[in-house]
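Engineer: Requesting a structural model of the entry that follows:
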Amino acid sequence: MRVLADRFIELIKWPVAVYMLLSLPAFVRSVYFFDFSSLKYWALFAGFFMFFISRSMADKDVKTNMQIAAHEVTHAFFALITFHKIKSLRVNPDNSGGEMAFEGSGNWLITIAPYFFPLFGFFAMLGISVYTHYAPSNYILNGILGFFIAYHLDTVASQIHEKQTDLPKVSYKFCAMFLPSANLWAIGSMLAFNSRGWDGVWLYQRLIKSLNLNNWHWVMNFFSNLF
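Structural biologist: This next block holds a predicted model:
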């Protein structure tokens, strides 16, 4: 199963990159479909800014250690869901980096996952879902989600640099095609969850599909008028 999963993921690598690149206009346009004037989004923005306030007061070593730990745990999470057994997971004592080892050769999704997938935000969404199953929703939950959106953006921004060893493994061309849309997808999904829970996430995916189809029809009509 692990070998089949790796081969399939490697097979779709460049088709996925092309799709994400072509979907970039749809992800940008989707911003206009969120009602940022609602109180849920005001609470989310409050949590967003609270992250940067707390970040400015946090010890530098603690912040770096948490980012490295989150990075390696995200690698491990995607290794597990693609059927790889984790052999080791560690953070260097001097905060210079970390390492996650697993069985098998792996795939590009494991390598690139920390640069687009908000693992802590995803678990926050799961936690909020469990909470709201038993108790009414409140604006504190929206603020928590905003906090983790900010954490994701800050972590990704700090990890993308010329000394990063993961990015050359999948190629810089792939990163340029895939990562912008992948991050917009992740953030858009969290914003959609903020308004309507998991139903909002599914509606957001349908929205992107619809916008892509509209863009495709526009392009086809444009070229048909030219010729």
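Engineer: what's the following helix or strand after the helix or strand of the chain with the lowest mean pLDDT?
Structural biologist: Lowest on mean pLDDT, DSSP states H and E among the helices and strands of the chain sits strand 98-102, with a mean of 78. Using DSSP states H and E, the helix or strand that follows strand 98-102 towards the C-terminus is helix 108-112.
Engineer: who are the neighbours of that following helix, in terms of helices and strands?
Structural biologist: helix 2-11, helix 60-81, helix 166-170, helix 172-226 (3 or more C-beta pairs under 8 Å, 6 or more residues apart in numbering; DSSP states H and E). Any C-beta I mention is one placed from the backbone N, CA and C, and that applies to glycine too.
Engineer: Report all helices and strands that the third one contacts.
Structural biologist: Contacting helix 166-170 under the criterion 3+ C-beta pairs under 8 Å, 6+ apart are the following elements: helix 108-112.
Engineer: which one of the helices and strands packed on helix 108-112 lies closest to residue 144?
Structural biologist: Evaluated over these, closeness to residue 144 peaks at helix 172-226, with 10.2 Å, by C-beta to C-beta.
Engineer: on that earlier part again, can you tell me which of the helices and strands packed on helix 108-112 the model trusts least?
Structural biologist: Here the helices and strands packed on helix 108-112 differ in mean pLDDT, and the lowest is helix 60-81 at a mean of 84.
Engineer: Please work out the angle formed by the directions of that one and helix 2-11.
Structural biologist: When axes from the mean of the first three to the mean of the last three C-alpha atoms, to 10 degrees is applied, the directions of helix 60-81 and helix 2-11 differ by 110 degrees.
Engineer: now helix 60-81, how far from the centre of its chain.
Structural biologist: Offset of helix 60-81 from its chain centre (C-alpha atoms, centre = their mean, to the nearest Å): 14 Å.
Engineer: Pull out the C-alpha coordinates of that helix and format them as CSV.
Structural biologist: Written as CSV, here are the backbone C-alpha positions of helix 60-81 (Å, rounded to 0.1, in the frame of the first residue of the first chain):
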residue,chain,number,x,y,z
LYS,A,60,13.1,33.7,20.5
ASP,A,61,14.4,30.2,21.3
VAL,A,62,10.9,29.0,22.3
LYS,A,63,9.3,30.4,19.1
THR,A,64,12.0,28.8,16.9
ASN,A,65,11.7,25.5,18.8
MET,A,66,7.9,25.4,18.3
GLN,A,67,8.2,26.2,14.6
ILE,A,68,10.8,23.4,14.1
ALA,A,69,8.6,21.0,16.0
ALA,A,70,5.5,21.9,14.0
HIS,A,71,7.5,21.5,10.8
GLU,A,72,8.7,18.0,11.6
VAL,A,73,5.3,16.9,13.0
THR,A,74,3.7,18.0,9.8
HIS,A,75,6.2,15.9,7.8
ALA,A,76,5.3,13.0,10.1
PHE,A,77,1.6,13.5,9.7
PHE,A,78,1.7,13.3,6.0
ALA,A,79,4.1,10.3,6.2
LEU,A,80,1.5,8.5,8.3
ILE,A,81,-1.5,9.2,6.1
